[in-house]
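**Q** Sequence and predicted structure, then a few things I'm wondering about:
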Amino acid sequence: MNTDRTLRCNTFSALSVALMCVACARSVPDRMPTFPVHGRVMVNGEPAQHATVFFHPTDPAIRLFPHGRTDSNGYFELSTYVLNDGAPAGDYTVTITWQDPPPAGSAPDAPEGPDKLHGLFANPRTSTIRVHVAPRDNELKPFQLTVSDGQP
């Protein structure tokens, strides 16, 4: 009798786990395919180290915002779902902010420094940087920004 009860409990547990897996799989929306996107940010001819780059889709139906951070030479790779997976194909307006990171040893939530670009490229409504991501590996031309006393 204990064997029947144990068998029923194990069967019920296995079915419960299987149903939860099916329910979870259905609740995850289909991901749009992404394509590698690599680029570089240059400011006044110098690499912009630690700049943040966001791609804002021009299609309002797409609610994904691929983004990346430049390395010490101004190079970046975009991430959408996971690190460096790229961006969905389409047209984008690009925003860039360039802030110094908090000093070493700062609290994890310490603020970054002010935008060295004075907010000139931070707003997707006013940014003039436009790109197209094709369904292939995308090596973008460097973003050549000129900033002087807060003016582009």
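**A** Perfect, I can see it now. Numbering: from 1, shown residues only.
**Q** Domains in the protein, by residue range?
**A** Domains of the chain are assigned by automatic domain parsing as 1-30, 37-145.
**Q** show me the contacts for Asn44.
**A** Counting by C-beta atoms under 8 Å, 6 or more residues apart in numbering, Asn44 makes contact with Leu145, Thr146, Val147, Ser148. Yep, even glycine has a C-beta here, placed from its N, CA and C like the rest.
**Q** Most neighbours among those, which one is it?
**A** Leu145 (19 neighbours; other C-beta atoms under 10 Å).
**Q** got the contact list for the closest residue to it other than its chain neighbours?
**A** Counting by C-beta to C-beta, 6 or more residues apart in numbering, Leu145 lies nearest to Val43, which is 4.8 Å off, once chain neighbours are set aside. By C-beta under 8 Å, 6+ apart, Val43 lies in contact with Ala51, Trp98, Lys116, Leu117, Leu145, Thr146, Val147.
**Q** Centre-most residue in this protein?
**A** His67 (3.0 Å; C-alpha atoms, centre = their mean).
**Q** Might one say that that one is in contact with Ala51?
**A** No: shown here, His67 and Ala51 do not form a contact pair, counting by C-beta atoms under 8 Å, at 11.1 Å.
**Q** Give the pairing partners of the biggest strand by length in the chain; include direction for each.
**A** The longest strand of the chain (DSSP state E) is strand 90-98. Strand 90-98 pairs in its sheet with strand 51-57 (antiparallel), strand 130-133 (antiparallel), by DSSP bridges.
**Q** Show the average pLDDT along the first one.
**A** Which is strand 51-57. Strand 51-57 shows a mean pLDDT of 98.
**Q** Going along the chain from it, find the next helix or strand for me.
**A** strand 67-69 (DSSP states H and E).
**Q** Which residue ranges of the chain form strands?
**A** Counting by DSSP E, the strands of the chain are 37-43, 46-47, 51-57, 67-69, 75-77, 90-98, 130-133, 138-139, 143-145.
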